[in-house]
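need a structure here:
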Amino acid sequence: MIDFKDKVYEGSEKRKSLFDCQIPEGAKAVVIFVHGYKGYKDWGAWNLVQKRFINAGFGFVKFNMSHNGGTVGNSIDFPDLDAFGRNCYSYELDDLHTIIQETHRMIHQELELTIPIYLLGHSRGGGVSVLAAAENDKIAKIISLAGISDIGSRFPEGDLLDDWKIAGVQHVKNARTNQMMPHFYSFYEDFERNVDRLNIEKAATSLKIPFLQIHGDMDVSVSISEGMRLAQWTNTRLSVIKGAEHTFGTKQPWNSNEIPDDMEKVIEKAIEFFT
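As a prediction, this is how the structure comes out:
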């Protein structure tokens, strides 16, 4: 078995970040969890979700994106806003490939097993998971949890885009921490340079592995219409959690030892799909 927390890995631009891994004896597969925008591996109830998957017989890996704003010394919240501002989608995609490769190495070289690797991506992490699965033949199944279906539409247009280019930075307030979180214009320039690679529709239609989109019908952060598009592109069925919003009843901080009902429904659907 393998069991560690907060191990350092080298991500995009050689920036160090952290990941966790539990692979119990007899694991039937390993699930890699991919966090979303303004997220991190220990956000909310994700540690409890990990325990549920471990108890169901899966290995579980989760990690912080290299430029999510966390540091090796402080992975909670966003102590490094400069790194957050320099983040971009191609960095996140490359970070995920790094974690997939390391997970594959641990399974085959350290444990000498031949079990599959699955992806579970939330929100923006769902979109990045689709992109990674289309590029990486080590992935056997994928779940997009309230995942995005498009990247380009999330950028400003017209005068707003011009203003961003002139200023070089725009800020988004984090309502929970009250931080003004920067996005440097390089974020958009990276998208322009990699527009074909970051095309989620193209990636989704090319998938040759089982895919599941789980979405709450009360999600106001990522519309359920995006889930419908992903299901259509993959020729699969959208799994809807009635009354659920974007984080399925969880929040940060999460001070309970119980998982909320909507997230329990997500876990049940995910375990059934992965099994």
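
need the single longest helix in the chain, by residues.
Determined from DSSP state H, the single longest helix within the chain is helix 89-105.

can you list contacts of the very next helix or strand once past that one?
Counting by DSSP states H and E, the next helix or strand C-terminal to helix 89-105 is strand 117-122. For strand 117-122, the surrounding residues in contact (Cβ atoms under 8 Å, 6 or more residues apart in numbering) are 29-36, 39, 96, 100, 103-104, 107, 127-130, 132-133, 138-147, 270, 274. (Each C-beta comes from the backbone N, C-alpha and C, glycine too.)

after strand 117-122, which helix or strand is next?
Criterion used, DSSP H and E; the element after strand 117-122 is helix 124-135.

helices along this protein, start to end?
Under DSSP H, the chain gives helices at 46-55, 81-86, 89-105, 124-135, 158-167, 186-193, 200-206, 224-233, 261-274.

of the ones you listed, flag the one that's most buried.
Highest mean neighbour count of those: helix 124-135, a mean of 26 (counted as mean count of other Cβ atoms under 10 Å).

in a markdown table, list the helices of the chain along with mean pLDDT and distance to Lys62.
Output for these, formatted as a markdown table (pLDDT from 0 to 100; distance: least, Cβ to Cβ, whole Å):
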| stretch | mean pLDDT | distance to Lys62 |
| --- | --- | --- |
| helix 46-55 | 98 | 6 |
| helix 81-86 | 98 | 19 |
| helix 89-105 | 98 | 9 |
| helix 124-135 | 98 | 10 |
| helix 158-167 | 98 | 32 |
| helix 186-193 | 98 | 24 |
| helix 200-206 | 98 | 22 |
| helix 224-233 | 98 | 22 |
| helix 261-274 | 98 | 14 |
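
can you redo the ones you listed as CSV, where the extra columns are distance to Asp20?
Below are the helices of the chain laid out as CSV (distance: least, Cβ to Cβ, whole Å):
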stretch, distance to Asp20
helix 46-55, 7
helix 81-86, 20
helix 89-105, 11
helix 124-135, 15
helix 158-167, 35
helix 186-193, 27
helix 200-206, 26
helix 224-233, 27
helix 261-274, 18
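
so which of those gets nearest Ser66?
Of all these, helix 89-105 sits nearest to Ser66, with 5.1 Å by Cβ to Cβ.

relative to helix 124-135, how tilted is the closest one?
Angle, helix 89-105 to helix 124-135, by axes from the mean of the first three to the mean of the last three Cα atoms, to 10 degrees: 60 degrees.

what's helix 89-105 packed up against?
strand 2-10, strand 16-23, strand 30-34, strand 59-63, strand 117-122, helix 124-135, helix 186-193 (3 or more Cβ pairs under 8 Å, 6 or more residues apart in numbering; DSSP states H and E).

what does it contact?
Under Cβ under 8 Å, 6+ apart, the answer for helix 89-105 is 9-13, 17, 19, 21, 30, 32, 34, 61, 63, 65-67, 117, 119, 124-125, 128-129, 131-132, 135-136, 138-139, 151, 190-191, 193-194, 197-198.

next one: that helix to chain centre, how far?
Put simply, helix 89-105 sits 11 Å off its chain's centre (Cα atoms, centre = their mean, to the nearest Å).

export only the CA atoms of that helix, formatted as PDB.
Extracted in PDB, the C-alpha atoms of helix 89-105 (Å, rounded to 0.1, in the frame of the first residue of the first chain):
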ATOM      1  CA  TYR A  89      -5.200  26.500 -18.400                       C
ATOM      2  CA  SER A  90      -2.200  25.000 -20.100                       C
ATOM      3  CA  TYR A  91      -0.300  25.000 -16.800                       C
ATOM      4  CA  GLU A  92      -3.200  23.100 -15.100                       C
ATOM      5  CA  LEU A  93      -3.400  20.600 -18.000                       C
ATOM      6  CA  ASP A  94       0.400  20.000 -17.700                       C
ATOM      7  CA  ASP A  95       0.100  19.600 -13.900                       C
ATOM      8  CA  LEU A  96      -2.500  17.000 -14.300                       C
ATOM      9  CA  HIS A  97      -0.400  15.100 -16.800                       C
ATOM     10  CA  THR A  98       2.500  15.200 -14.300                       C
ATOM     11  CA  ILE A  99       0.300  13.700 -11.500                       C
ATOM     12  CA  ILE A 100      -1.100  11.000 -13.900                       C
ATOM     13  CA  GLN A 101       2.500  10.000 -14.800                       C
ATOM     14  CA  GLU A 102       3.500   9.900 -11.200                       C
ATOM     15  CA  THR A 103       0.400   7.900 -10.200                       C
ATOM     16  CA  HIS A 104       1.100   5.400 -13.100                       C
ATOM     17  CA  ARG A 105       4.700   5.100 -11.900                       C
END
